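>>> I would like to see how this sequence folds:
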Amino acid sequence: NINPYITAPEINAVLARQAYEEANHSKSYAVMVEAICDNTDLIYEMEKHDETLREKNDFISSIYEELAGDVDDNKLLLAMVANQILEGVYFYSGFTAIYALARAGKMLGSAQMIRFIQRDEITHLLLFQNMINSVRKERPDLFHDENINKIYDMFKKAGDLEIKWGKYITQNQIMGFTDDIIEEYIHYLVDQRLSAINLDKLYNAKHPIKWVDDFSKFNDQKSNFFESKVTNYSKG
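From the prediction side, this is the model:
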């Protein structure tokens, strides 16, 4: 939580709103888990026993844990980048796997819930990208070679872990979301996030599944007015 270290009141307010939205996301995920899984405890305990998931979580949490000690401006910058990675890279294998299933007519309700969640995550992503760019204008001294190299290492590691996770959860068994596509897509996202904070791309990857961009937008979905539901979160 970087909010205690932020002095701009308008950013404090947005971060507080973001925390509220993340709580809503947790409730929404719980609804989906309880709807499709008989043994919910197995899912909720997965982070303790699944090595692939734990490796992914441990990497990003280790950066946040640096804020528990002596905090300096370098650590705060890297924490902002970690948030950008979390919001802009880490969720996307899971999101896109659900969208690929929905495109085939499966798990349509879950896909709609993911659209709502992704809508929020995009606003969170933009916030942190703008914060990083503002810091760069005000404190260019923080963007020295050591920090730049750390940022590249963070993105490369996070991308590798997200690719590993995507392949792990799909087992190359979802049509239109193969292992090769997962790798290219995550590399593309890493490049986009780096470009957004004025850093060079690592992979020069192309977008392999452009249909995802339109599929994830619920505002463009056409529906019968009398049959459509309210476009907001529903909780059990």
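>>> what about the residue lying closest to Tyr5 once chain neighbours are set aside, distance to Phe128?
Spatially, and ignoring its direct neighbours in sequence, Tyr5 is nearest to Leu76 (5.7 Å; Cβ to Cβ, 6 or more residues apart in numbering). Glycine gets a C-beta too; all of them are placed from N, C-alpha and C. Leu76 sits 12 Å away from Phe128, going by Cβ to Cβ, to the nearest Å.
>>> the more surrounded of these two?
Phe128 (25 against 18; other Cβ atoms under 10 Å).
>>> The more buried one: which element?
Phe128 belongs to helix 108-138 when assigned by DSSP states H and E.
>>> What distance do you get for the nearest residue to Lys150 once chain neighbours are set aside to Tyr152?
Closest residue to Lys150 apart from its sequence neighbours, by Cβ to Cβ, 6+ apart: Leu78 at 6.3 Å. Taking Cβ to Cβ as the measure, Leu78 falls 12 Å from Tyr152.
>>> more crowded one of these two?
Leu78 (19 against 15).
>>> For the more buried one, what is the enclosing helix or strand?
Per DSSP H and E, Leu78 falls inside helix 73-85.
>>> list the helices and strands the helix or strand just after that helix packs on?
Per DSSP H and E, the first helix or strand lying C-terminal to helix 73-85 is helix 92-103. With contacts taken as 3 or more Cβ pairs under 8 Å, 6 or more residues apart in numbering; DSSP states H and E, helix 92-103 sits against helix 108-138, helix 145-170, helix 179-196, helix 211-215.
>>> Tabulate these (a markdown table), appending distance to Arg54.
Converted to a markdown table, these look like this (distance: least, Cβ to Cβ, whole Å):
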| stretch | distance to Arg54 |
| --- | --- |
| helix 108-138 | 22 |
| helix 145-170 | 11 |
| helix 179-196 | 19 |
| helix 211-215 | 27 |
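>>> Need the ones you listed in CSV (columns: mean pLDDT and distance to Ala23).
Listed next are these as CSV, based on pLDDT from 0 to 100; distance: least, Cβ to Cβ, whole Å:
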stretch, mean pLDDT, distance to Ala23
helix 108-138, 93, 11
helix 145-170, 97, 23
helix 179-196, 97, 25
helix 211-215, 86, 26
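>>> So which of those is nearest Ala205?
Within the helices and strands packed on helix 92-103, the stretch nearest Ala205 is helix 179-196; the backing value is 3.8 Å (Cβ to Cβ).
>>> what about dumping the CA coordinates of that closest one to CSV?
The C-alpha trace of helix 179-196 is given here as CSV (Å, rounded to 0.1, in the frame of the first residue of the first chain):
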residue,chain,number,x,y,z
ASP,A,179,0.9,-21.7,-25.6
ASP,A,180,2.5,-19.8,-28.5
ILE,A,181,-0.3,-17.2,-28.4
ILE,A,182,0.1,-16.8,-24.7
GLU,A,183,3.8,-16.1,-25.0
GLU,A,184,3.4,-13.6,-27.8
TYR,A,185,0.5,-11.8,-26.1
ILE,A,186,2.2,-11.4,-22.8
HIS,A,187,5.4,-10.1,-24.6
TYR,A,188,3.1,-7.7,-26.4
LEU,A,189,1.6,-6.4,-23.1
VAL,A,190,5.1,-6.0,-21.5
ASP,A,191,6.1,-3.9,-24.5
GLN,A,192,3.0,-1.8,-24.3
ARG,A,193,3.5,-1.2,-20.5
LEU,A,194,7.1,-0.2,-21.0
SER,A,195,6.2,2.2,-23.8
ALA,A,196,3.6,3.8,-21.6
